[in-house]
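Chemist: Give me a 3D structure for the following:
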Amino acid sequence: MPGNVTSIGAKSPRIRAGRTGSCRSRAHRFGGLLALAVVFGTASLDGAAQAQQFPAANLAARQQQLLQATLAEPQNLDIAFEYAMVSAQIGDHEAAIGTLERMLVYAPGLPRVQLELGVLYMRLGAKDMARNYFESAISGPNVPPEVTQRVNYFLAAIAEQEAPAKVSGLLTAGVRGQSNANAAPESRIINLNGTAFTLDDAGTGKADINAFLSANVRFSYDLASQGDRLEADLIFYGARYGDISRLDTEMAEITFGPSFNLARFGIDDARLGIYGIANGIRLDGANYSGGFGAGARVAMNLSERAGLLARVEVRHSWFNDTVKQPNLSDRAGYAVRIASGYQYRLTETFTARLTLLGDVVTANKAYKSNTASGFSAGGTYRFSSPFRLSAAPWSVDVEGGYLYRAYNEPDRLINRNRAQRDNEGWLRSSLTMPLGEGKTAIGLSGELRRQQSNYDLNDYTNASGMLSVMRRF
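Modeler: Presented below is the predicted three-dimensional model:
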């Protein structure tokens with residue numbers, strides 16, 4: 001290292017602005033991902049807990065054992081009911097429905113059996129059949145209170161699904177701790193064009209804790225035209241930091257447009273959405289950036305186990321120069337973003353996924369223009385609540401990913417000869433614990449993120465942990 005060491009303080013506004021802007025963009029990007037990433041498990045059949053006494057790998061064998069027992073004792077309703085529940089658990093809905101309907105031949109009017117048939121038909125999308133069984137389940141005398149409660153819940157869900165206008169969403173509040181909240185280098189000594197410089201305290205990585213609130217709200221209106229809809233999504237994220245107040249963030253984004261049912265073209269279980277985009281971000285009490293754009297997304301079920309979601313977006317963004325960050329407008333320009341995700345349900349309790357990412361940014365200044373590509377892979381494991389706190393399953397999610405980013409031209413203040421190159425990787429895990437019927441949940445998550453860069457100012461490591469409370473509506 002050269003012996004000549006220079007201190008970087010207030011005399012270097014562009015370096016500080018570039019560093020701060022970079023960590024700011026990561027902060028608001030996390031906010032958007034946070035609002036989108038939390039997923040609740042769906043409610044299981046009343047009898048699913050009984051079926052889950054057996055490991056998933058043994059459920060098929062258990063189903064065959066129960067089938068033989070049912071054939072030997074066709075009038076034994078207890079064996080038949082367990083066979084139906086195990087069949088439903090492994091996705092053999094035809095066997096489950098057939099068995100439950102035969103039970104009603106031997107013993108007509110069993111409320112619990114009618115309830116389970118209603119749930120199965122609802123899963124298959126046959127709402128009229130489901131409604132008939134639900135109404136039959138509570139039409140007779142001496143209906144158990146828990147059956148009445150669940151029937152009323154499902155009847156209300158059917159009525160809500162059949163309404164032309166629907167509003168749903170997820171509210172999340174929590175706290176997050178980070179070892180390097182401002183995503184800055186750990187060392188105060190950095191290399192700029194072959195000369196060693198010393199960063200001031202604001203330029204190095206700092207630990208901090210922040211409280212946050214996020215919302216993801218969807219409005220959908222059925223156009224009564226072959227399943228087409230109008231859809232609008234609103235995302236909001238706000239955070240307040242304990243020490244680094246310059247990271248205080250408010251971010252909002254709205255998308256709006258039609259969603260077309262592709263069955264008209266012979267493609268079942270698939271939708272094409274076309275939408276417009278508008279967003280805005282504030283940092284440290286000042287306007288930071290805004291943007292607009294358009295996008296298209298395709299979502300389809302490839303089979304009962306596999307699904308695909310792909311999207312492409314074109315965005316135009318502008319940035320607001322401030323006294324503290326006078327060069328933010330260098331980032332203004334256009335971006336094309338591509339993401340394609342594939343998921344496959346390996347078992348009734350485990351789903352794996354793979355996502356491919358691409359990003360092309362054309363900024364006002366060539367040293368801010370860049371191209372990025374990467375991937376993420378992960379899986380979600382669902383299991384029954386160990387403390388009987390919820391009818392909905394708990395879930396553990398694990399994900400790892402990598403992103404490579406290459407800038408078009410060198411930032412001459414940092415390196416006259418080489419453009420910036422970043423290698424970013426992350427490992428993330430989370431535990432989601434629904435309570436009650438599953439609309440409220442507690443979440444725990446942790447993440448380790450490492451970015452290696454040939455520009456010292458962009459080289460950092462950050463470990464974070466988060467506790468959150470979520471409410472679905």
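
Chemist: tell me the average confidence for the helix or strand containing Q65?
Modeler: Applying DSSP states H and E as the criterion places Q65 in helix 59-72. Average pLDDT, helix 59-72: 84.

Chemist: before we move on, what about stretch 123-134?
Modeler: For stretch 123-134, mean pLDDT rounds to 88.

Chemist: buried set for it?
Modeler: Using 16 or more other CB atoms under 10 Å as the test for burial, stretch 123-134 gives K127, M129, A130, R131, Y133, F134. In this view, the C-beta of every residue, glycine as well, is placed from N, C-alpha and C.

Chemist: Please enumerate residues in contact with the helix holding Q65?
Modeler: Helix 59-72 has contacts (CB atoms under 8 Å, 6 or more residues apart in numbering) with 51, 54, 76, 79-80, 82-83, 86-87, 89-90, 92, 95, 99, 348.

Chemist: which of those are buried?
Modeler: 51, 79-80, 82-83, 86-87, 89-90, 92, 95, 99, 348.

Chemist: I'd like these as CSV, with secondary structure appended.
Modeler: Output for the buried ones among the contacts of helix 59-72, formatted as CSV (DSSP: H, G, I helix; E, B strand; the rest coil):
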residue, secondary structure
A51, helix
I79, helix
A80, helix
E82, helix
Y83, helix
V86, helix
S87, helix
Q89, helix
I90, coil
D92, coil
A95, helix
T99, helix
E348, coil
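
Chemist: Between the residues you listed, which has the least confident prediction?
Modeler: Out of the buried ones among the contacts of helix 59-72, that is A51, at 38.

Chemist: returning to that earlier point: now the helix holding Q65, how far from the centre of its chain.
Modeler: Mean C-alpha position of helix 59-72 versus that of the full chain (CA atoms, centre = their mean, to the nearest Å) differs by 38 Å.

Chemist: Show me which residues of it are buried.
Modeler: Using 16+ other CB under 10 Å as the test for burial, helix 59-72 gives L59, R62, Q63, L66, L67, A69, T70.

Chemist: so can I have a markdown table of the residues you listed showing distance to L104?
Modeler: Shown next, in a markdown table, are those (distance: CB to CB, whole Å):
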| residue | distance to L104 |
| --- | --- |
| L59 | 24 |
| R62 | 23 |
| Q63 | 21 |
| L66 | 18 |
| L67 | 19 |
| A69 | 19 |
| T70 | 15 |
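
Chemist: From the buried ones among the contacts of helix 59-72, pick the one nearest N182.
Modeler: E348 (43.2 Å; CB to CB).

Chemist: and that closest one, what are its phi and psi?
Modeler: The phi and psi values for E348, taken as degrees, to the nearest 10, are phi -70, psi -10.

Chemist: Quick check, it in contact with G91.
Modeler: Yes - counting by CB atoms under 8 Å, G91 is a contact partner of E348 at 6.5 Å.

Chemist: Just give me the closest of the buried residues of helix 59-72 to N287.
Modeler: L59 (55.5 Å).

Chemist: Tell me the one of the contacts of helix 59-72 nearest S187?
Modeler: E348 (49.3 Å).

Chemist: which residues touch the closest one?
Modeler: Neighbour list for E348: A56, L59, Q89, I90, G91 [criterion: CB under 8 Å, 6+ apart].

Chemist: If you drop the residues flanking it in sequence, what lies closest to the fourth one?
Modeler: I take that to be I90. L59 (4.9 Å; CB to CB, 6 or more residues apart in numbering).

Chemist: what ranges do the helices span in this protein?
Modeler: Secondary structure of the chain (DSSP state H): helices located at 13-37, 48-51, 59-72, 77-89, 93-106, 111-123, 127-137, 145-162.

Chemist: Using a markdown table, lay out those together with distance to N364.
Modeler: Formatted as a markdown table, the helices of the chain follow (distance: least, CB to CB, whole Å):
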| stretch | distance to N364 |
| --- | --- |
| helix 13-37 | 13 |
| helix 48-51 | 56 |
| helix 59-72 | 58 |
| helix 77-89 | 57 |
| helix 93-106 | 56 |
| helix 111-123 | 52 |
| helix 127-137 | 53 |
| helix 145-162 | 47 |
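
Chemist: L354 is nearest to which of those?
Modeler: L354 lies closest to helix 13-37 among these, at 15.8 Å (CB to CB).

Chemist: what is the mean pLDDT for the closest one?
Modeler: Mean pLDDT, computed over helix 13-37, is 41.

Chemist: what number of residues lie near A224?
Modeler: Neighbour count of A224, defined by other CB atoms under 10 Å: 9.

Chemist: go on, T148?
Modeler: Neighbourhood size, T148 [other CB under 10 Å]: 14.

Chemist: List the contacts of it.
Modeler: T148 makes contacts with I138, as judged by CB under 8 Å, 6+ apart.

Chemist: Same question for S464.
Modeler: Residues near S464 by CB under 8 Å, 6+ apart: R176, G177, Q178, S179, G446, E447, R449.

Chemist: Report the buried members of the residues you listed.
Modeler: Neighbour-count burial (16+ other CB under 10 Å) is assigned, among the contacts of S464, to R176, G177, Q178, S179, E447, R449.

Chemist: Make sure the fourth one is actually in contact with N462.
Modeler: Yes - under the contact definition of CB under 8 Å, S179 touches N462, with a separation of 5.9 Å.

Chemist: which residues do the two both contact?
Modeler: G205.

Chemist: what about the residue nearest to D92 when sequence neighbours are not counted, distance to T349?
Modeler: Leaving aside its sequence neighbours, D92 sits nearest to Q63 (CB to CB, 6+ apart; 7.1 Å). Going from Q63 to T349 by CB to CB, to the nearest Å gives 16 Å.

Chemist: ranges for the strands of the stretch 301-450 of the chain?
Modeler: All strands of the stretch 301-450 of the chain, identified by DSSP state E, counting those that start in this stretch, fall at 306-319, 333-345, 350-363, 370-383, 394-407, 421-435, 440-453.

Chemist: picking that back up, nearest to S220 among the buried residues of helix 59-72?
Modeler: L59 (35.0 Å).

Chemist: From T347, how far off is the closest one?
Modeler: Distance, L59 to T347, by CB to CB: 9 Å.

Chemist: Now distance to L262 too, for the contacts of S464, in TSV please.
Modeler: Formatted as TSV, these follow (distance: CB to CB, whole Å):
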residue	distance to L262
R176	39
G177	44
Q178	42
S179	46
G446	39
E447	36
R449	37
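
Chemist: What is the most widely separated pair among those?
Modeler: The widest separation within these (CB to CB) is 13.7 Å, between G177 and R449.

Chemist: Apart from its neighbours in sequence, what residue is nearest E101?
Modeler: Spatial nearest neighbour of E101, excluding adjacent residues (CB to CB, 6+ apart): L117 at 6.8 Å.

Chemist: Ignore what I typed, I meant G280.
Modeler: By the measure of CB to CB, 6+ apart, the closest residue to G280 outside its immediate chain neighbours is G290, 4.5 Å from it.
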